[in-house]
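Visitor: Below are the sequence and a predicted model for it; my questions follow.
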Amino acid sequence: MARPPGRRSHDYDEKRAALARQVFECVLADASTSLKAMADHAGVSRPTLRHYFGDRDGAVQAALEAAATVGAPHVEALRALPVDDPRSTLEEALRRVVVGWRVGVGNVHAVGIKVGLDHPGTTGRTYVGRILEPLLQGVEHLLGRMVTAGTLAALDPRLSALSLVSPVVLALLHQDGLGGALCRPLDVDALPARIAGDFCRLHAPDGGRAG
């Protein structure tokens, strides 16, 4: 018997998620890719993509939302780091940003930035809300726990998270995303210790080393 109009198939969500992953791969290769190219890459028709996503912008937003799951475990682990030794913990948190970026999260940020700058009111907001802000808020949460524990002095957690994460993300974009490693190499792996040390010299007793 035919499915009643307006009722979704039992595997609708599964198919939509699979198509969103295909769209992400297509946009990663070419941020300005067309709906037709997305459909060709996924092996479906344009009407099928419209059925699941509405239009090209909806497809890109769904792709970012699906890709956000790549970074979620990294952020959750970061939020739960110990707070008794802020210097080593912040170094570890930033090191995890570097490692996570290089095992796939960097691609998610790359796509989000590419498409988000072109459409700040839609896909840009999706990138900020689902991918960038969870990372920043994870560090904010960690800093707040340190302030509560007394291992950091009172500070603005949002501005402090930005000051910690921004140079690492910029360095990764510079070196890995934009090819800066070929024209002006930078030791990104050394940044977490340097940034965490400088931060704790300003905000933690005894430079942040537990003693």
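Guide: Sure, I can see it.
Visitor: Name the residues of the longest helix seen in the chain that are buried.
Guide: Longest helix of the chain, by residue count under DSSP state H: helix 56-79. For helix 56-79, a neighbour-count test (16 or more other Cβ atoms under 10 Å) marks 56-68, 70-71, 74-75, 78-79 as buried. C-beta: built from backbone N, CA, C; applies to glycine.
Visitor: Give me the residues contacting that helix.
Guide: 16-17, 19-21, 23-24, 27, 34-35, 38, 49, 52-53, 93, 96-97, 100, 104-105, 107-108, 111-112, 115, 119, 122-123, 126-127, 130-131, 134-135, 138-139, 141-142 (Cβ atoms under 8 Å, 6 or more residues apart in numbering).
Visitor: can I get the CA coordinates of it in PDB?
Guide: C-alpha atoms of helix 56-79 as PDB (Å, rounded to 0.1, in the frame of the first residue of the first chain):
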ATOM      1  CA  ARG A  56      21.100  23.900  -1.600                       C
ATOM      2  CA  ASP A  57      21.500  26.000   1.500                       C
ATOM      3  CA  GLY A  58      19.500  23.500   3.500                       C
ATOM      4  CA  ALA A  59      21.700  20.700   2.200                       C
ATOM      5  CA  VAL A  60      24.800  22.600   3.300                       C
ATOM      6  CA  GLN A  61      23.400  23.300   6.800                       C
ATOM      7  CA  ALA A  62      22.400  19.700   7.200                       C
ATOM      8  CA  ALA A  63      26.000  18.700   6.100                       C
ATOM      9  CA  LEU A  64      27.500  20.900   8.800                       C
ATOM     10  CA  GLU A  65      25.100  19.600  11.500                       C
ATOM     11  CA  ALA A  66      26.000  16.000  10.600                       C
ATOM     12  CA  ALA A  67      29.700  16.800  10.500                       C
ATOM     13  CA  ALA A  68      29.500  18.500  14.000                       C
ATOM     14  CA  THR A  69      29.300  15.000  15.500                       C
ATOM     15  CA  VAL A  70      33.000  14.600  14.500                       C
ATOM     16  CA  GLY A  71      34.100  17.200  17.000                       C
ATOM     17  CA  ALA A  72      31.600  16.500  19.800                       C
ATOM     18  CA  PRO A  73      33.600  13.700  21.600                       C
ATOM     19  CA  HIS A  74      36.700  15.900  21.500                       C
ATOM     20  CA  VAL A  75      34.900  18.700  23.200                       C
ATOM     21  CA  GLU A  76      33.200  16.500  25.800                       C
ATOM     22  CA  ALA A  77      36.600  15.000  26.800                       C
ATOM     23  CA  LEU A  78      38.100  18.500  27.000                       C
ATOM     24  CA  ARG A  79      35.300  19.700  29.300                       C
END
